[in-house]
Each structure stands twice: as structure tokens, then as C-alpha cells.
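**Student:** Fold the following, please.
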Amino acid sequence: MTERVLPAPAVTPEAKPFWDGTERGEFLVRSCESCGKSHFYPRPHCPHCMSDKTTWQKVSGKGKIYSYSVMRRAPEPFAIAYVTLDEGLTVLTNLVDCDLDKISIGQAVAVAFAKSKDGPQVPVFRPV
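**Tutor:** You can find the predicted model right below:
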């Protein structure tokens with residue numbers, strides 16, 4: 001199977017620290033100082049309590065597959081998944097370096113970073 005090239009993400013000023021982190025091999029999320037909850041996709045206001053007192057936090061990048069879908073009709077078949085991180089957040093991501101027929105719900109995965117086309121590295125997950 002050939003490696004799928006991911007499109008470059010739009011780097012907004014609010015999410016630039018996230019993309020800077022991916023270039024360093026770090027997976028960052030926003031954490032709210034008011035309610036104590038973390039959230040992903042990075043945005044300046046907490047979606048739980050609407051506070052603007054949020055900070056960047058590095059997370060482990062380890063988790064388990066909550067749900068997934070395999071795209072077999074694409075020119076290069078691939079899988080996407082919701083991954084629940086050990087820290088409790090659920091993120092939508094690409095699964096890489098895996099047998100598409102052996103993916104399973106509850107499977108342990110870890111973050112990796114893939115080059116994008118003319119942009120920053122993109123977080124993806126692979127089985128551990």
C-alpha cells in the first residue's frame with residue numbers, strides 16, 4: 001500500500017501553537033483554568049464553560065480506538081477513527097501503519113506525526 005499524502009491544514013492564529021507543537025513532535029490540547037476540563041480541537045474559548053482562560057497542555061498521545069471507518073473506495077484505501085486519549089479527550093484522526101482488516105474498537109494506539117503537503121506535520125495514530 002502506498003502512503004497517503006495528507007493535505008496541509010489551515011493554520012489559524014488561534015491554533016498556530018498546536019501546529020508548532022506538531023513540528024516538535026508534541027500533541028497539545030487546550031486546558032481550561034476555570035472549569036479544569038481539556039478540549040480538542042484547539043480554540044481559545046472553553047466549549048464547556050465558555051471561559052477564555054485556557055492554556056496549552058502536552059498530552060501523552062496514547063489512547064484507544066472508540067470507533068473507526070475504512071475508506072476502501074479511495075484511490076489509496078485508508079482508515080479514520082475516533083481515538084479516546086488516556087486523558088479522556090476524543091479526537092478524530094487518521095490511522096496509519098496498520099492492516100485495515102485488523103483494526104478493532106478498543107485497540108491501543110499512539111500518536112505519530114505525518115508530513116502534510118506543503119504544511120506542518122499532522123497528528124495521526126498507529127497501533128502499539
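**Student:** okay, CA-based contacts and neighbour counts for the rest of this
**Tutor:** Fine.
**Student:** Run through the residues that contact the residue of the chain most remote from its centre.
**Tutor:** Residue farthest from the centre of the chain, counting by Cα atoms, centre = their mean, is residue 34 at 24.1 Å. Residues near residue 34 by Cα atoms under 8 Å, 6 or more residues apart in numbering: 49, 51, 53-54.
**Student:** List only buried entries from the residues you listed.
**Tutor:** Buried subset of these (neighbour count, 16 or more other Cα atoms under 10 Å): residue 54.
**Student:** And the contacts of residue 34, which is closest to residue 127?
**Tutor:** Relative to residue 127, the closest of the contacts of residue 34 is residue 54; by Cα to Cα it sits at 30.7 Å.
**Student:** Among the contacts of residue 34, name the ones in helices.
**Tutor:** Among the contacts of residue 34, DSSP state H puts none in helices.
**Student:** any idea which of the contacts of residue 34 is closest to residue 8?
**Tutor:** Comparing these against residue 8 with Cα to Cα places residue 54 closest, at 25.7 Å.
**Student:** can you tell me which residues contact the closest one?
**Tutor:** Contacts of residue 54 by Cα under 8 Å, 6+ apart are 30-34, 44-46.
**Student:** Distance check, it against residue 14.
**Tutor:** Distance, residue 54 to residue 14, by Cα to Cα, to the nearest Å: 11 Å.
**Student:** between these two, what contacts are shared?
**Tutor:** Taking Cα under 8 Å, 6+ apart as the contact rule, residue 54 and residue 14 both touch residue 44.
**Student:** Stretch 87-103: which residues count as buried?
**Tutor:** 89-96, 100, 103.
**Student:** Quick check: the farthest pair among those?
**Tutor:** For the buried residues of stretch 87-103, and using Cα to Cα, no pair is farther apart than 89 and 100, which are 23.9 Å apart.
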